[in-house]
Structure formats: C-alpha cells, structure tokens
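Engineer: Sequence plus predicted model, see below.
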Amino acid sequence: MSENDRLRLAVIVGSTRNGRFGPIIARWLVAKARRHGNLDVDLIDLAETDLPSTLTDENEPVPPQVRALAPRLSAADAFAVVTPEYNRSFPAPLKTAIDWYYEEWHAKPVTFVAYGRESGGLHAIDQLRQIFAELHAVAIRDAISLPRYWEMFAPDGTWPKATADCNTTVTATLDHLSWWAHALRDARTKSPYIT
C-alpha cells in the first residue's frame, strides 16, 4: 500500500468522567481501525489533554495545551468521536474541546461511536452532527450506537462479545469513513477549503 493510500484517523475519547467506559470502547475501535488496513490511528483522550474549560477571547494567547493538540487534529484525515450520552446529550468537556478549534475540522469526515442506555447515544450523535456541520466537517451517515453497552461483555470479561452488532457495524463505518477521507483529502489537495 502506498503512502498516499494511508489515512490518519484521530479517535477522540470525549468523556473525562471518573469511572468512564469510553477508553474501553476507544481501544476496541483503535484495534479494529488498525486492522482495517489503511488507517494510522492517533488516540486522543480528552482526560489526558488537560484542555482548559474556559475559552480565551480573540486577543488572548492560546493556552499551551490547546497549541499542543492542534497539530494532531490538523494532521488527521478523519475523526471518530467516542462519546457517552448524558441527559440526552454529550459531555461538556467534549463540546469545549471541539470549540477550541476551527480550521482543524474543516472538510474532514467524522463518525461517532456513542454509548448509553436504551438510546445507545443517538441523542448525542444527533447534536454532534449539527455542531460538526457548523465547523465545515462532514458527519458521515454511518455511526456506531451502543445501547446498554454493559450487557455486551463476554463471559471471560472481554468487551464486546463476539455476537455484538457493533462488530459488523464497525467495518462498514470504517469503510465509509475511509472513502470520505480519501475524497475530501483529494479535494483539499486540489483546492484549499474556503469558509
């Protein structure tokens, strides 16, 4: 596979809560993405980035934590956001992280892996689609919803069990995300994106 065929996928863990389940899902997604064949994965855990919760004004200096993450987001050809659903939405630290950046999201595809109770995070996904559209990103149709994710443990304690729907959904999601990432990267190369 040529270097031009490879894509850089940023997997973003959107929860910073104590006892969160997001890192388990993210590790599963990263393993699937690495086996996909054309993806180089950068795992970004918001609990480790230490982004400030208060945004600066236009004339204020950008905090070093924000500057440190910017090149990783800029280098990404695509994004996969792993998020829980809290109160029919997504966590505040994820919104703050999204809002710290602008051009880094432009003309790049994004998918979502959401988890929660019966809704499986679909309310969070709906809101995130609107936000990323405003940032000129392309939220692809395919996403992974994980209702009652705690029921998906195998008898040996691993997650997810082999019969879980997400094991098949992830392949189509990564296929479509890769297609959009190639198409949009080619378009950005031919003509810089204009907002």
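Structural biologist: Cool, the structure landed.
Engineer: Would you mark the buried spots in the longest helix anywhere in the chain?
Structural biologist: Longest helix of the chain, by residue count under DSSP state H: helix 166-190. Residues of helix 166-190 classed as buried: 166, 169-170, 173-174, 176-178, 180-182, 184-185 (neighbour count, 16 or more other CB atoms under 10 Å). (Glycine included, C-beta is placed from N, CA and C.)
Engineer: cool, stretch 132-145 as well?
Structural biologist: Quick answer for stretch 132-145 (16+ other CB under 10 Å): 132, 135, 137-140, 142-145.
Engineer: And those residues, which is closest to residue 64?
Structural biologist: Using CB to CB, residue 135 comes nearest to residue 64 of the buried residues of stretch 132-145, at 22.7 Å.
Engineer: Kindly tell me how buried the residue nearest to that closest one when sequence neighbours are not counted is, as a neighbour count.
Structural biologist: Excluding its sequence neighbours, the residue lying closest to residue 135 (CB to CB, 6 or more residues apart in numbering) is residue 105, at 4.2 Å. The criterion is other CB atoms under 10 Å. On that basis, residue 105 has 20 neighbouring residues.
Engineer: From residue 141, how far out is residue 105?
Structural biologist: 18 Å (CB to CB, to the nearest Å).
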